[in-house]
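Visitor: Below are the sequence and a predicted model; questions follow.
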Amino acid sequence: MEEKQHIGQLFDRIAGTYDGLNHGLSLNIDRLWRRKTVALMQPSQHVLDVAIGTADLTIEMFRQHKAEQVTGIDLSDQMMAIGQKKVAKFQTTNDQRQTTKAEFIHANAQAMPFEDASFDAVTCAFGCRNFSNLDEGLREMYRVLKPGGQVTILEFSYPSNRLVRACYDIYFTRVLPLIGRIVSRDKTAYTYLNKSVKSFCWGEAFVQHLHDAGFSSEHFIPLTFGIATIYTATKCLNDKIND
Ligand SMILES: C[S@@+](CC[C@H](N)C(=O)[O-])C[C@H]1O[C@@H](n2cnc3c(N)ncnc32)[C@H](O)[C@@H]1O
């Protein structure tokens, strides 16, 4: 089976329990991480939310008035269906139906169906480590971003403190896969999630990938002992697409 089909199907299977498990297993800390991530963004007109999933980051952008329009892409239709309902509910209860707009498109982050320089800002929360080729995904983000625009990425990382790291290892290799398996009733999904976190790059190594994709002014901020990290970078104003 093709890699992208496999990832889409994996998230389709766990979509119904994804939010509950996310918030429960992280003791709601993931909400704080998304809030902080969005707080670092400049207000933008049109944002691309890569791997939008169930749209928590998009809703946070609307909550903080950081985006008027969000285009979300993902390989899982089930995740996006839940996200679409959540966004509609948020817009109605917060009187934002006229002022904000979200669209959901089934598309691969590594081959996006958009023109160069289409978006004022690009975001991605917990999506990058799922890409079969990280560099392809980052190069696509760079391509579709307007010169002067910012990319903001939230991703799991690996704590540097040895004690925290030991607790993290036990949690991610034993507790999380077990609870994930019981609640989502999926034998493999949460073992995959655990493996994808441990084999992924973080910190300076991730920044190097951003740099290689063409970005500049890269920064990263470790969160909660380095369990997650926010990365920001910009596309130069004088990028050649502008010439
Ligand atoms: C862990 S979820 C994160 C969802 C959401 N951004 C959040 O913060 O909760 C990862 C999402 O990435 C999507 N995804 C993985 N690889 C992708 C790719 N190559 N292109 C588009 N979406 C992808 C999955 O379908 C899934 O919905």
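Guide: Alright, I've got the coordinates. Residues are numbered from 1 along each chain as shown.

Visitor: Got the phi and psi for Phe156?
Guide: phi -60, psi 150 (degrees, to the nearest 10).

Visitor: For the ligand, give me its nearest residue in the protein.
Guide: When scored by Cβ to the nearest ligand atom, the chain has Gly53 as its residue closest to the ligand, at 2.4 Å. C-betas here are computed from N, CA, C, even on glycine.

Visitor: right, and that residue touches Ser76 too?
Guide: Yes - counting by Cβ atoms under 8 Å, Gly53 does reach Ser76; the two are 7.1 Å apart.

Visitor: what distance separates the longest helix anywhere in the chain from the centre of its chain?
Guide: Ordering each helix of the chain by length in residues (DSSP state H) puts helix 3-25 first. Centre-to-centre, helix 3-25 and its host chain are 13 Å apart (Cα atoms, centre = their mean, to the nearest Å).

Visitor: What mean pLDDT does it get?
Guide: Regarding helix 3-25, the rounded mean pLDDT is 87.

Visitor: which is the next helix or strand following the worst-scoring helix or strand of the chain on mean pLDDT?
Guide: The helix or strand of the chain with the poorest confidence is helix 189-198; it has a mean of 68 (mean pLDDT, DSSP states H and E). Using DSSP states H and E, the helix or strand that follows helix 189-198 towards the C-terminus is helix 204-212.

Visitor: packing partners for the helix or strand following that next one?
Guide: Downstream of helix 204-212, the next assigned helix or strand under DSSP H and E is strand 216-223. Applying 3 or more Cβ pairs under 8 Å, 6 or more residues apart in numbering; DSSP states H and E, we find strand 216-223 packed against helix 29-39, helix 204-212, strand 228-234.

Visitor: doesn't Asn130 make contact with Gln110?
Guide: No - here Gln110 does not reach Asn130: they are 10.5 Å apart, not a contact under Cβ under 8 Å.

Visitor: can you list residues touching both of the two?
Guide: Here Gln110 and Asn130 share no contacting residue, scored by Cβ atoms under 8 Å, 6 or more residues apart in numbering.

Visitor: which ones are touching Lys101?
Guide: 68-70.

Visitor: rerun that using 10 Å as the cut-off
Guide: 46, 62, 67-71, 87, 91 (Cβ atoms under 10 Å, 6 or more residues apart in numbering).

Visitor: Repeat that for Glu136.
Guide: Shown in contact with Glu136 (Cβ under 10 Å, 6+ apart): 108-111, 213.
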